[in-house]
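Enquirer: Got a sequence here, can you build the structure:
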Amino acid sequence: MLRNTPRDLEFLTRHPFAHRGLHGAPGVPENSRAAFERAIAAGYGIELDVRRTADKDAVVFHDAELPRLVNAGGRIADLTVGELAAFRLSGTDETIRTLREVLSEIGGRAPTLVEVKSPGRRGYGSLCRAVRRALEGANGWTAVMSFDPRIVRWFREHSPHTVRGLVVSKEGRGNTGVRGWLSRNLAVRSAKPHFLAFDINSLPCGFAERQRRKGLPVLTWTVRGEEARARAAVHADQIIFEDTPGHA
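Expert: Here you go, the predicted structure:
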């Protein structure tokens, strides 16, 4: 049984989270075993990304397509777990692994945020089920989050004891002005997230401040540099970072 219940959210703000693991050093690609081990050794939480495969499993990989990190073409959604396991990340021996494998290796040693990447109009249900199966075998503090409110709502309806978060930005098409305000409010009402993960470039934000006053923790991404850390310290409860965070 998962330890992370909606009544127990302190793990979300205990430590800064390393975005895609503590990567960037030579031989340490993002979302890799080495990146996660470095984050654990440094005392940070872990943020990682998952995508749906052709055989309806969840693998830890950020992009929809392979080329940026793998010397090959193709889309994650068109390949099976077995086919993806044959590739190597950024010229290392690191492989593309399932969420179940990664969470088993983390083994509850660090708080973990699983960003569920939307597969588009179809397929999010099978991806959510794969994520839920992986979480059932995990120990420790783990939460799911997504830009897609349908995914957050799915966990509300089908896995209510899983801590769930809504990823939010005020930037980009459809996120600005009255349309963005309405979209954010409707998403929160529908999904009823336990926390928000807010774009640092969108802070300060009245919407985020109102949610904090209502008791929702606000995490912020992706924090780089002193100015962003100082802003996050005022307007958020914890950071998801890609550089040494100092004291957060």
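
Enquirer: which regions of this protein sit below the pLDDT cut-off?
Expert: Residue ranges of the chain with pLDDT under 70: 1-7, 139-140, 172-178, 244, 246-248.

Enquirer: immediately after the helix ranked longest in the chain, which helix or strand?
Expert: What stands out as the longest helix in the chain, according to DSSP state H, is helix 177-191. Counting by DSSP states H and E, the next helix or strand C-terminal to helix 177-191 is strand 195-199.

Enquirer: In the helix or strand following that next one, which residues are buried?
Expert: Downstream of strand 195-199, the first helix or strand assigned by DSSP H and E is helix 206-213. Within helix 206-213, the residues that qualify as buried are 207-208, 211-212, counting by 16 or more other Cβ atoms under 10 Å. For every residue, glycine as well, the C-beta is placed using N, CA and C.

Enquirer: Which parts of this structure are helices?
Expert: Using DSSP H, helices in the chain cover 33-42, 81-84, 99-106, 124-136, 149-158, 177-191, 206-213, 226-235.

Enquirer: Distance from the chain centre to the last one, please.
Expert: For helix 226-235, the distance between its averaged C-alpha position and the chain's averaged C-alpha position is 20 Å (Cα atoms, centre = their mean, to the nearest Å).

Enquirer: Give me the helices and strands touching that helix, please.
Expert: Counting contacts by 3 or more Cβ pairs under 8 Å, 6 or more residues apart in numbering; DSSP states H and E, helix 226-235 packs against strand 218-223, strand 238-241.

Enquirer: Ranking these by mean neighbour count, which comes first?
Expert: Mean neighbours per residue, mean count of other Cβ atoms under 10 Å, is largest over these for strand 238-241, with a mean of 26.
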